[in-house]
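*Asks:* the following comprises the amino acid sequence and a computationally predicted model.
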Amino acid sequence: MVRLVQIQITSVFPRVSPRSTWTIPVHRSHCRAYSLLLLTQTTPGMDGFGMHDGVDGLVLGAYWGGIVRIALGHNVIWSINSFCHAVGRRPYETADRSRNFSLLSILSFGESWHNNHHETPTSAKFAHHWWQVDIGWAIIRVMRALRMATDVKCHRSAT
């Protein structure tokens, strides 16, 4: 994996020595990102192989757990900027046409409280009311409790 990153870097930046690329922090993080991508794509395939005893399970696991999962995630993210600027409620008057679209709140981990986000853009918590589902905020709270997240910014009523 390291060699793949070095080849890509030296093809774009021919004056960079292949041996020096690993010492640059940005290049180390790219290598970690490639490793994480490889892991998240191969793990579902390996799970399918183990559960279904063969290549059919490998293909099904890689397809549903890898390709379809990523495609669904991207479509949910893209739909936030489509639907949440056209459909939904506007509890706050913001400079744009952002809206809250509750039907996407669970799939988007709370990102569909888009008007709330535009009202308080630096807040990690998108939900402004107790009944608004914000799974992303729940994850951040757990990470904060485990000291994996620090300096988390919230709007005035968030805890």
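*Replies:* Nice, thanks for sending it over.
*Asks:* could you use CA atoms for every contact and neighbour count after this?
*Replies:* Will do.
*Asks:* what strand or helix carries the most centrally placed residue in the chain?
*Replies:* In the chain, the C-alpha nearest the mean C-alpha coordinate belongs to residue 73, at 8.1 Å (C-alpha atoms, centre = their mean). In this assignment (DSSP states H and E), residue 73 forms part of helix 69-83.
*Asks:* who touches residue 85 in this structure?
*Replies:* 97-99 (C-alpha atoms under 8 Å, 6 or more residues apart in numbering).
*Asks:* any idea how far residue 61 lies from residue 43?
*Replies:* 8 Å (C-alpha to C-alpha, to the nearest Å).
*Asks:* ok so, going back, what sits up against the helix holding residue 73?
*Replies:* 101, 104, 107-108, 111-112, 114.
*Asks:* on that earlier part again, tell me the least confident of the contacts of residue 85?
*Replies:* Minimum pLDDT across those is recorded for residue 97, with 88.
*Asks:* okay, stretch 104-115 in CSV with CA atoms only?
*Replies:* These are the backbone C-alpha positions of stretch 104-115, laid out as CSV (Å, rounded to 0.1, in the frame of the first residue of the first chain):
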residue,chain,number,x,y,z
LEU,A,104,-34.5,11.7,6.1
SER,A,105,-33.4,12.3,9.7
ILE,A,106,-32.7,8.7,10.6
LEU,A,107,-31.0,7.7,7.3
SER,A,108,-28.9,10.9,7.4
PHE,A,109,-28.0,10.7,11.1
GLY,A,110,-29.7,14.1,11.7
GLU,A,111,-28.2,15.9,8.8
SER,A,112,-31.7,16.6,7.4
TRP,A,113,-32.4,19.2,10.1
HIS,A,114,-30.8,21.4,7.5
ASN,A,115,-32.5,24.7,8.4
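*Asks:* quick revisit: ok, so of the contacts of residue 85, who is nearest residue 48?
*Replies:* Distance to residue 48 across the contacts of residue 85 (C-alpha to C-alpha) is lowest for residue 99, with 39.8 Å.
*Asks:* residue 117 is in contact with that closest one, correct?
*Replies:* No. Using C-alpha atoms under 8 Å, residue 99 is not in contact with residue 117, being 9.4 Å away.
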